[in-house]
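K.L.:
Task: produce atomic coordinates for the following.
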Amino acid sequence: MSLPEDYSKALQFNSIIRFLHSIRYKNLKKICREHFTDKKITVFEIGAGIGKTYDELNELFSIEYYGIESVHSWFFDLNRKHENKKNFRLFHGDVYEFDYASFPDINLVVALETFEHIHTSRIEKILNDLKKLNARHYFFSVPAEIGPSILIKNIASFLMGYNRHEEYTWRETFLASMYRLDLIPKHSGGHLGFDWRSFYSTLQHNFDRVTLIRSPFALIPSFAATSIHFHCTL
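P.N.:
Numbering: from 1, shown residues only. Next up, the predicted model:
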């Protein structure tokens, strides 16, 4: 089974996993309904993955989609799936080195569960480069890997036979749940050690307005959220 097939299977693991992963698309579509009612949405996505953003938006809206994917097997599978679609264009490359300035004006920039896989030292430059797309709206989602939620998520993963907890030792899970990131390996492009609060601070320095949306329910406290979504505007 290929990496994209493994990921697709993981997203469909059970009803709880499907529900949790569906919320980011629900929030993305809400933003589209509120801000792009009567015009085509030109979307640029970093970390196109299995193409679910394209599928979800193309079903409901008039879109022009551009995406970039760095993992070759994911790029190959997704490009083969949609290469004949006139409103779909996919690029293979490193988001850190990509030439964003060569694109037409973009309405909406999307990165879903992507920035936690980018080394912290690279994020500031990537955000500055994304702003060259001249978009007004940006929607990002990242997982919560600190506080009580990571303890709950990893215990639930273990009990369900899911694999998300396997990146951690139980000691690392406990320390992350206590916000002691200083005692676990430094974040280097995976879930372990990722701090959404630091990412939030970086966004606030780069955008005029950043709206934080907790998932799966907007009213739950941040320490209980499974992931954090951000709607940023310029």
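
K.L.:
quick one: the residue nearest the centre of the chain from L151, how far?
P.N.:
The C-alpha lying nearest the average C-alpha coordinate of the chain belongs to L112 (C-alpha atoms, centre = their mean; 1.7 Å). L112 is 24 Å from L151, where distance means C-beta to C-beta, to the nearest Å. Every C-beta, even on glycine, is put in place using the N, C-alpha and C of the backbone.

K.L.:
where exactly do the strands run in this protein?
P.N.:
Per DSSP state E, the chain carries strands over the ranges 41-46, 63-69, 88-92, 108-112, 137-143, 209-215, 227-233.

K.L.:
TSV please, covering these and showing mean pLDDT and distance to H191.
P.N.:
Shown next, in TSV, are the strands of the chain (pLDDT from 0 to 100; distance: least, C-beta to C-beta, whole Å):
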stretch	mean pLDDT	distance to H191
strand 41-46	97	18
strand 63-69	96	19
strand 88-92	96	24
strand 108-112	98	15
strand 137-143	98	6
strand 209-215	97	16
strand 227-233	98	11
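
K.L.:
could these go into a markdown table alongside distance to D55?
P.N.:
Putting these into a markdown table (distance: least, C-beta to C-beta, whole Å) gives the following:
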| stretch | distance to D55 |
| --- | --- |
| strand 41-46 | 12 |
| strand 63-69 | 10 |
| strand 88-92 | 10 |
| strand 108-112 | 13 |
| strand 137-143 | 16 |
| strand 209-215 | 20 |
| strand 227-233 | 19 |
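
K.L.:
Could you verify my assumption that A48 touches S70?
P.N.:
No. Using C-beta atoms under 8 Å, A48 is not in contact with S70, being 9.5 Å away.

K.L.:
out of these two, which sits in the more crowded spot?
P.N.:
Counted by other C-beta atoms under 10 Å, A48 and S70 do not tie: A48 has more neighbours, with 30 against 20.
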